[in-house]
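In: Okay, predicted coordinates and the sequence, questions at the end:
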Amino acid sequence: QKWEERRKGCLYSRGDKSKKGNLNTRIEFEKDKLTLRINTGNRNWITTNIKRAVNRQNDKWIQFISKLLQAQETGEYFPYSVEIRLINSNIYAFISYEEETPTEPVITKEEGTIGIDINASPFHIALVAVKTDGNLQAVNRISLYKLLNKTKNQRECLSWQIAHHIVEIAIIQNKAIAIEKLENLPKGKKGDGNKKLRKRLQQWIYKGLLDKIKAIAKREGVQIIEINPAYTSIIGALKYAPQYSLDKDTAGAFAIGRKALGLKEKLPKNYEKLITDKQYLNFAIEKLTKEKQKTQERLRTENNQYKKKPLKRKINEINKQIKLLKSLYSEPQTQQSVNQWKEQMRGWQYASYKLWQVVKVALTTPVLGKSLNRDLSPLKPLLVEGDWDRIVRRLVPVSWDRGYGVDKYRQLGRYPHLKKAEYKYPSPECS
């Protein structure tokens, strides 16, 4: 029955402005009811009653009927297409017409922006309202976990609801919406060792959600600003997350909102001093080397071939990071000025890396323990005071007199039973 209905139970009629909207399937008003006149050929028609209830206050059916009534009075008709389908022995008519959208946005970035960052882990949308001067105004979060384990149609419906909610927030706050311009998003592949994340990414309709936000925003006259996503996550995590005590996703949305306002992100002075300190770079290289040795040990003891792949990728990434830090003070291979996509540090010539990438390598694993940890509060002393020596003291090994089950790495002085280690740095070469 379904095959018969999909194969044969369908009739489509294209709209025509000169034929009162549609020649073959036309909606007409008869006293207190609506009818659909269907052409069967040889100037013969079938007239059917239309049963359509108004579901909500902003129902598009109200706008459509209003335009039809106005067209009858003025004689200025508009085209609308009708598709008649047979579904479960019932006849349905699907009507489509072109909406009139504002040519120019009514709500612009003159009052600020709302930065949006969609994340897969945790599965949510981070929204940050940014003032015109670039300062933080308000933060919000929308969970996306209700999209998981749903059918395609259910996800589409929920996505439209979320998009409407985001645009309503922008209208209430009178701000433009800033989003990332992403095209090809990796969704993982079988055997990559991240089964749970891969399943979530497969149900992640990122581009579809952004398209819905753009469509609704255009209809409501809200400006959409698409920005280049390069380094927004790194800048948000390393600069704004410790400064405002935000998580890295919210900080990334804040960086997106600022970038949409045309503000440029400068590297903090204390970070610049840090990556020019040879003593700290030696410490960072030593920490990366130890992390590499731990990963190699895990790789040797791992028997699952699928779990070996992320470990191998991590080792390759650490090798690149160590190579980068060791090459910071090497002799430059060229004296030519860097192009518009590269940046130059004071006294250094770069051929492949930007400053924020260098800061990420020097701070994440050596200080946070892994790449872009969710807890970024340890970076605040570095960002505000430039006190990296305090961070090192927090990370050195300690011993204890009584077995309280305390973690090996704790901030010294917090527990009376902890004693300071004999050496300050992981290697005598860093003394």
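Out: Received it, and whenever you're ready, just let me know what you need.
In: Leaving out chain neighbours, which residue sits closest to Arg298?
Out: Leu311 (5.9 Å; C-beta to C-beta, 6 or more residues apart in numbering). From N, CA and C alone the C-beta is placed, and that goes for glycine too.
In: right, and the one you found touches Glu302 too?
Out: Yes. Counting by C-beta atoms under 8 Å, Leu311 touches Glu302, with 6.5 Å between them.
In: More neighbours: those two, which one.
Out: Using other C-beta atoms under 10 Å as the criterion, Leu311 and Glu302 rank with Leu311 on top: 17 against 13.
In: Quick check: which element contains the more buried one?
Out: Assigned by DSSP states H and E, Leu311 belongs to helix 305-326.
In: So which bits of that helix are buried?
Out: Residues of helix 305-326 classed as buried by neighbour count (16 or more other C-beta atoms under 10 Å): Leu311, Lys314, Ile315, Glu317, Ile318, Gln321, Ile322, Leu324, Leu325.
In: that older thread, contacts only, for the residue nearest to Arg298.
Out: Neighbouring residues of Leu311 by C-beta atoms under 8 Å, 6 or more residues apart in numbering: Thr295, Arg298, Leu299, Glu302.
In: Looking at those residues, which one is closest to Arg37?
Out: Among these, Glu302 lies closest to Arg37 (C-beta to C-beta), at 70.8 Å.
In: Quickly list the domain ranges of the protein.
Out: The chain breaks down into these domains under the TED database: 1-97, 113-265, 269-328+349-394.
In: who wins for proximity to Pro105 among these?
Out: Per C-beta to C-beta, nearest to Pro105 of these: domain 113-265, 3.9 Å.
In: circling back to that earlier point, of the domains of the chain, which stretch is the most buried?
Out: Across the domains of the chain, averaging neighbours per residue (mean count of other C-beta atoms under 10 Å) puts domain 113-265 on top, at a mean of 18.
In: okay, how far is it across that domain, tip to tip?
Out: 16 Å (C-alpha to C-alpha, to the nearest Å).
In: I'd like the distance between Arg14 and Leu325.
Out: 64 Å (C-beta to C-beta, to the nearest Å).
In: For Ile177, give me its contacts.
Out: Contacts of Ile177 by C-beta under 8 Å, 6+ apart are Thr113, Ile114, Ile116, Ile166, Val167, Ala170, Ile213, Ala217, Val222, Gln223, Ile224, Ile225.
In: does it count as helix, strand or coil?
Out: The three-state label given to Ile177 by DSSP: H, G, I helix; E, B strand; the rest coil is strand.
In: what is it paired to in the beta sheet?
Out: Beta-bridge partners recorded for Ile177 (DSSP bridges): Ile114, Ile224.
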